[in-house]
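*Asks:* Predicted model and sequence follow; I will ask about them next.
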Amino acid sequence: MSGEQHLPGEQFEDEFYKKLDRFLSPSQPIQSIEHLKGRDTELRRVQEALKTPGRHVFIFGAAGVGKTSLASTAAFLAHPTDTDPPIVSCDPNTSAMEFFELAARKLGNISLRLQRSTGSFGGALGLGGFRLKSEQSDEVVPTRLPRSIDEAVSQIQEIVGSRADDLVLIVDEFDRPNDTAFRTLFGDFIKQLSDRRVPVRLIVCGVATSLEQLLSGHTSAFRYVRDVELDRLSFQARIDIIESAAAAVGFELDRGFVYRICHLSDGFAHFVHLVTRQLFLKMRDAETKVARVQEFNAAVRCAIQEVNVTLRIAYQKATEKYSTKDEYEAVLWGLADSPELKRRSTDIFESANRIRVKLLRDEIARRTFNTRLNSLKKDSHGEIVVGSRAGGYEFRQTMMRGYCRLRAEQNDVVLDADTFNEHGEKAGAFGSRPQF
Ligand SMILES: Nc1ncnc2c1ncn2[C@@H]1O[C@H](COP(=O)(O)OP(=O)(O)OP(=O)(O)O)[C@@H](O)[C@H]1O
Ligand SMILES: [Mg+2]
């Protein structure tokens, strides 16, 4: 029996939730190296870049792949202690100059707090026209809207002053202002920060398939930037998330369940956290420390309702208002029925009909299938699918693959069963459906 079982009921509950929140956070980026799984190489790359004078970092990859988690963990490690690294999120309604002012304000507040915590700041600090008072704990550093990049950088330089250690600023959601002018100004901003030796390093995160896409071809800024591409999590990293959480709460999971969750997640940690968290909640309700199939199935059902709302809405828009919903679903699941992100229509067609047979429904004729697949590319269906000129199809949001896997699982359909785990063990090794 573990020590926790001797705790009085309420205290045990509290401890259980605290551990659950610490180890399984489907909607919060990771901030500590202990919980950041499978990113050693990428983290080292970010750290090396931050040790190189004047170098900034761009982390890019699919939505939900773990960019902010890597940036936050790296920033926490690099940032001077006692303060959280500042983070500025971009949005399409903020102009570049407003963004630079916001960055200056966040850096100013951190700078102020650091000076206080190290005792090097007493009373007021003159900053090129500003005076920062130290008496109020929640004060905000006054800033002004810059009129040029030169002014934006000067303002930050004045506010931060000279420092032995650089401050790290996370710039999140950089892809959201889909505006070449914004990106060009940002490229100039980076150059000037480095050229003028301002002690600030940026870790920029954005949804993209390349650095070029994020910087919109601002090639002279590339010299100042280290790009770090993030792929979906390895199978082992997914296992590590589940097993470390299970060890923390003292629960036991058969390997079959662990593999199922890893597989369902399609490499997106969000799904690993979500399903495992639900499973543990169901196990606690059922007062069992060993997972069983009924808790697993209930966890999948609840996880579907809690998935990232943008995915749920996109899926609904694509399928739910149509009387032929089951056909659209078969096409979507067929698209997710492979380890490859992009699939040919012939392969999707085969998968869709395998799924139909499994669900005891009539097969879809090729012509109907083609119509459904094409509709899924249209605005009326939320453009959930995109087609390439070469003839391949993929989901607009890669994470949709994981959501389809969950929806299929709820209907007893295992997608992409042939690549069940990283050891090459097929679903057959567990029976046609995994044996728990
Ligand atoms: N390496 C990791 N180990 C464990 N959990 C992770 C890891 N990376 C991300 N997560 C978890 O996955 C979820 C999504 O991560 P995160 O928010 O960092 O992704 P993102 O790429 O920034 O997403 P978005 O594109 O929506 O901004 C979070 O719940 C986070 O806790
Ligand atoms: Mg993010």
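*Replies:* Structure received. Ligands and ions are numbered 1, 2, ... in the order given.

*Asks:* any chance you could map the strands in the stretch 201-350 of the chain?
*Replies:* 225-230, 343-344 (DSSP state E, counting those that start in this stretch).

*Asks:* which other helices and strands contact the longest one?
*Replies:* Okay, so that is strand 225-230. When contacts are defined as 3 or more C-beta pairs under 8 Å, 6 or more residues apart in numbering; DSSP states H and E, strand 225-230 sits against helix 40-51, strand 56-61, helix 67-78, helix 211-215. For the C-beta atoms, the positions are set from N, CA and C on the backbone; glycine is no exception.

*Asks:* Tabulate those (JSON lines), appending mean pLDDT.
*Replies:* Shown next, in JSON lines, are the helices and strands packed on strand 225-230 (pLDDT from 0 to 100):
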{"stretch": "helix 40-51", "mean pLDDT": "96"}
{"stretch": "strand 56-61", "mean pLDDT": "97"}
{"stretch": "helix 67-78", "mean pLDDT": "95"}
{"stretch": "helix 211-215", "mean pLDDT": "85"}
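
*Asks:* before we move on, the earlier item: highest average neighbour count across the strands of the stretch 201-350 of the chain?
*Replies:* Neighbour counts (mean count of other C-beta atoms under 10 Å) averaged over each of those peak at strand 225-230, with a mean of 19.

*Asks:* And the residue of the chain found nearest ligand 1, how close does it get to residue 234?
*Replies:* Here the chain gets closest to ligand 1 at one residue, residue 66, 2.8 Å apart by C-beta to the nearest ligand atom. Here the criterion is C-beta to C-beta, to the nearest Å. By it, residue 66 lies 12 Å from residue 234.

*Asks:* And for residue 171?
*Replies:* Applying C-beta to C-beta, the value for residue 171 to residue 234 is 27 Å.

*Asks:* for the helices and strands packed on strand 225-230, which one sits closest to residue 97?
*Replies:* Closest of those to residue 97 is helix 211-215, at 18.6 Å (criterion: C-beta to C-beta).

*Asks:* For that closest one, which outside residues touch it?
*Replies:* Outside helix 211-215, the residues that touch it by C-beta atoms under 8 Å, 6 or more residues apart in numbering are 58, 60, 174-175, 183, 186-187, 204, 206, 208, 221-222, 225, 227.

*Asks:* In those, find the pair that's most separated.
*Replies:* For the contacts of helix 211-215, the farthest-apart pair by C-beta to C-beta is 175 and 222; their separation is 17.3 Å.

*Asks:* Within the helices and strands, which one has residue 101?
*Replies:* Here residue 101, judged by DSSP states H and E, is contained in helix 96-117.

*Asks:* Please name every helix or strand in contact with that helix.
*Replies:* Here helix 96-117 touches strand 87-89, strand 124-127, helix 149-160, strand 167-172, helix 180-195, going by 3+ C-beta pairs under 8 Å, 6+ apart.

*Asks:* still on that earlier bit, among the helices and strands packed on strand 225-230, which is the most enclosed?
*Replies:* Highest mean neighbour count of the helices and strands packed on strand 225-230: strand 56-61, a mean of 25 (counted as mean count of other C-beta under 10 Å).

*Asks:* Could you spell out the sheet neighbours of that one, each with its direction?
*Replies:* Here strand 56-61 is paired, per DSSP bridges, with strand 200-207 (parallel), strand 225-230 (parallel).

*Asks:* Reformat those as a markdown table; add mean pLDDT and distance to ligand 1.
*Replies:* Listed next are the strands paired with strand 56-61 as a markdown table, based on pLDDT from 0 to 100; distance: least, C-beta to the nearest ligand atom, whole Å:
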| stretch | mean pLDDT | distance to ligand 1 |
| --- | --- | --- |
| strand 200-207 | 96 | 5 |
| strand 225-230 | 96 | 7 |
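
*Asks:* Could I get these in a markdown table, plus columns for distance to residue 269?
*Replies:* Output for the strands paired with strand 56-61, formatted as a markdown table (distance: least, C-beta to C-beta, whole Å):
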| stretch | distance to residue 269 |
| --- | --- |
| strand 200-207 | 15 |
| strand 225-230 | 11 |
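
*Asks:* for the ones you listed, which one sits closest to residue 92?
*Replies:* Nearest of the strands paired with strand 56-61 (C-beta to C-beta): strand 200-207, 13.0 Å.

*Asks:* May I see the buried residues of that closest one?
*Replies:* 200, 201, 202, 203, 204, 205, 206, 207 (16 or more other C-beta atoms under 10 Å).

*Asks:* Then stretch 14-26?
*Replies:* 16, 19, 20, 23, 24, 25, 26.

*Asks:* interface residues of this structure facing ligand 1?
*Replies:* Proximity of the chain to ligand 1, by C-beta under 6 Å from any ligand atom, involves residues 25-30, 35-39, 63-69, 205, 207, 241, 269-270, 273.

*Asks:* Of the residues you listed, which belong to helices?
*Replies:* Using DSSP state H, 67, 68, 69, 241, 269, 270, 273 are the members of the residues of the chain next to ligand 1 that sit in helices.

*Asks:* Turn the residues you listed into CSV, columns for distance to residue 49.
*Replies:* Formatted as CSV, those follow (distance: C-beta to C-beta, whole Å):
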residue, distance to residue 49
67, 15
68, 17
69, 17
241, 26
269, 23
270, 26
273, 28
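
*Asks:* ok, residue 66 and residue 234, which is more surrounded?
*Replies:* Ranked by neighbour count (other C-beta atoms under 10 Å), residue 66 and residue 234 place residue 66 first, with 28 against 15.

*Asks:* my read: that one touches residue 230, true?
*Replies:* Yes - using C-beta atoms under 8 Å, residue 66 is in contact with residue 230, at 5.9 Å.

*Asks:* Return every residue with contacts to both of the two.
*Replies:* Jointly contacting residue 66 and residue 230 under the rule C-beta under 8 Å, 6+ apart are residue 39.

*Asks:* about what we covered before: between the contacts of helix 211-215, which is closest to residue 95?
*Replies:* Lowest distance from residue 95 to those (C-beta to C-beta) belongs to residue 186, with 11.6 Å.

*Asks:* Now do the spatially closest residue to that closest one that is not a sequence neighbour against residue 169, distance only.
*Replies:* In this structure, residue 186 finds its nearest non-sequential neighbour in residue 96, 6.7 Å apart by C-beta to C-beta, 6 or more residues apart in numbering. Distance of residue 96 to residue 169, computed by C-beta to C-beta: 15 Å.

*Asks:* So for these two, which sits in the more crowded spot?
*Replies:* Per other C-beta under 10 Å, whichever of residue 96 and residue 169 has more neighbours is residue 169, with 25 against 21.

*Asks:* Correct me if wrong: the more buried one contacts residue 201.
*Replies:* Yes - using C-beta under 8 Å, residue 169 is in contact with residue 201, at 7.3 Å.

*Asks:* correct me, but residue 401 touches residue 334?
*Replies:* No - if you go by C-beta under 8 Å, residue 401 and residue 334 don't touch, sitting 11.5 Å apart.
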